[in-house]
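Participant: Got a predicted structure plus its sequence, pasted below:
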Amino acid sequence: MADQLIRATAAEGGIRAVGVITTRLTQEARRRHNLSYVATAALGRTMSSGLLLASSMKREGSRVNIRVKGKGPLGGILVDAGLDGTVRGYVENPGVELPPNEQGKLDVSGAVGSNGYLYVVRDVGYGYPYSSTVELVSGEIGADITHYLVTSEQTPSALVVGVFVGADGVTAAGGLLIQVMPKAARDEELVATLESRIAKLSGFTPLLQAGKTLPEMLEQLLGDMGLVILPEVQMLHFYCGCSFDRVLGALKLFGEEELQDMIEKDHGAEATCEFCGDVYHVSSEELAQLIEQLRTESNWQAESV
Ligand code: ZN
């Protein structure tokens, strides 16, 4: 199944649900960054979370950045996801591997660390991005994002994310987000029913692994609550907007002296994009052109003074 996002409502619009399948893009991140098993699970869960959070934004071009900074050996995780269905991300120490936890599962919490912070920045494309920070509650990602939703957005919400990765790579990855809309949040019976359903969400990952589709999973969860699955299916992709031009722009910030140094000592420069792992080679000639540009620009500045 291609990576995709679907939206649904239930209880006459009182409940909003979004589901994502992210198997391929998680595998792509694994390949690009040479991720260990546990790093694949941690980054895959965070990328699914980013896509789920971005899905509730309205304005075209909106993006969500998630940074998880725990004290575990994996170091930080950074994910950038868009309402347009694109996502990219990386972890600081992609090679870290840990023995399975007591349940025999990948020890994401051990790798991320349960002490630390989760930063979420929502950028609607103009003005000031809206950011908020919460402490990590488990380091398992899903519970941490749910905690963020409940404390910072004050909507009864639950998010569940899962990644299955084995010797053949990522076999299943995805997530579900369920939120009670403000107009329904006062309906105690509805919230109580939903809470009991959300408790069952832990059954999401086995369903995912069993190859169930998103509509099948939503049906199982909300089928008797007036579930309406919206017909639009949005495709999801690992995508990074980096380019050779952007690399040149970044190199230029080093200034003439440093660039001259790169020409003399290294006969060029090599830059790796942290988000996608793409490597850019910049030749001595291209560096010399950058120096030329810097000189022209400083002449303009001198003239305009
Ligand atoms: Zn990139």
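Facilitator: Okay, I see it. Numbers count the residues shown, from 1 in each chain.
Participant: In stretch 188-205, which residues are buried?
Facilitator: By 16 or more other CB atoms under 10 Å, the buried positions in stretch 188-205 come out as Leu190, Val191, Thr193, Leu194, Arg197, Ile198, Leu201, Phe204, Thr205. Where C-beta positions appear, they are placed from N, C-alpha and C, glycine not excepted.
Participant: Which strand or helix spans the last one?
Facilitator: It refers to Thr205. Using DSSP states H and E, Thr205 falls within helix 204-209.
Participant: Around the ion, which positions in the chain sit nearby?
Facilitator: Cys240, Cys242, Cys273, Phe275, Cys276, Asp278 (CB under 5 Å from the ion).
Participant: which of those residues are the two that sit furthest away from each other?
Facilitator: For the residues of the chain next to the ion, the farthest-apart pair by CB to CB is Phe275 and Asp278; their separation is 8.7 Å.
Participant: Which of those two has more residues huddled nearby?
Facilitator: Phe275 (21 against 15; other CB atoms under 10 Å).
Participant: where does that one land in three-state SS?
Facilitator: Three-state call for Phe275 (DSSP: H, G, I helix; E, B strand; the rest coil): coil.
Participant: Would you mind giving both backbone torsions of Cys240?
Facilitator: For Cys240, the backbone dihedrals are phi -120, psi 130 (criterion: degrees, to the nearest 10).
Participant: do Ser283 as well
Facilitator: In terms of degrees, to the nearest 10, the main-chain angles of Ser283 are phi -80, psi 170.
Participant: Hmm, Gly268 and it touching each other?
Facilitator: Yes: here Ser283 lies in contact with Gly268, judged by CB atoms under 8 Å, at a distance of 5.0 Å.
Participant: just to revisit the earlier point, reformat the buried residues of stretch 188-205 as JSON lines; add pLDDT, distance to Val134 and secondary structure.
Facilitator: Shown next, in JSON lines, are the buried residues of stretch 188-205 (pLDDT from 0 to 100; distance: CB to CB, whole Å; DSSP: H, G, I helix; E, B strand; the rest coil):
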{"residue": "Leu190", "pLDDT": "79", "distance to Val134": "26", "secondary structure": "helix"}
{"residue": "Val191", "pLDDT": "77", "distance to Val134": "22", "secondary structure": "helix"}
{"residue": "Thr193", "pLDDT": "78", "distance to Val134": "27", "secondary structure": "helix"}
{"residue": "Leu194", "pLDDT": "75", "distance to Val134": "22", "secondary structure": "helix"}
{"residue": "Arg197", "pLDDT": "74", "distance to Val134": "24", "secondary structure": "helix"}
{"residue": "Ile198", "pLDDT": "71", "distance to Val134": "19", "secondary structure": "helix"}
{"residue": "Leu201", "pLDDT": "69", "distance to Val134": "20", "secondary structure": "helix"}
{"residue": "Phe204", "pLDDT": "76", "distance to Val134": "22", "secondary structure": "helix"}
{"residue": "Thr205", "pLDDT": "77", "distance to Val134": "23", "secondary structure": "helix"}
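Participant: wait, what's in contact with Ser55?
Facilitator: Leu5, Arg7, Val18, Val20, Leu83, Leu177 (CB atoms under 8 Å, 6 or more residues apart in numbering).
Participant: residue ranges with poor pLDDT in this structure?
Facilitator: 201-203, 302, 304-305 (pLDDT under 70).
Participant: what kind of secondary structure is the residue nearest in space to the middle of it in?
Facilitator: By CA atoms, centre = their mean, the chain has its centre lying nearest to Met47, at 2.7 Å. Per three-state DSSP, the secondary structure class of Met47 is helix.
Participant: Could you measure from it over to Gly142?
Facilitator: 12 Å (CB to CB, to the nearest Å).
Participant: Could you chop the chain up by domain?
Facilitator: Using automatic domain parsing, the domain ranges for the chain come out as 4-238, 244-304.
Participant: Who are the packing partners of the helix ranked longest in the chain?
Facilitator: As assigned by DSSP state H, the longest helix anywhere in the chain is helix 284-304. On a contact count with 3 or more CB pairs under 8 Å, 6 or more residues apart in numbering; DSSP states H and E, helix 284-304 meets helix 244-252, helix 256-261, strand 268-272.
Participant: so where does Phe160 fall, helix or strand?
Facilitator: One thing to correct before we go on: residue 160 is Val, not Phe. Assigned by DSSP H and E, Val160 falls in strand 157-166.
Participant: Give me the contact list for stretch 198-217.
Facilitator: 1, 4, 6, 19-21, 158, 160, 162, 164, 171-176, 178, 220-221, 229.
Participant: Drop anything exposed from those.
Facilitator: Burial by neighbour count, 16+ other CB under 10 Å: within those this picks out 4, 6, 19-21, 158, 160, 162, 164, 171-176, 178, 220-221, 229.
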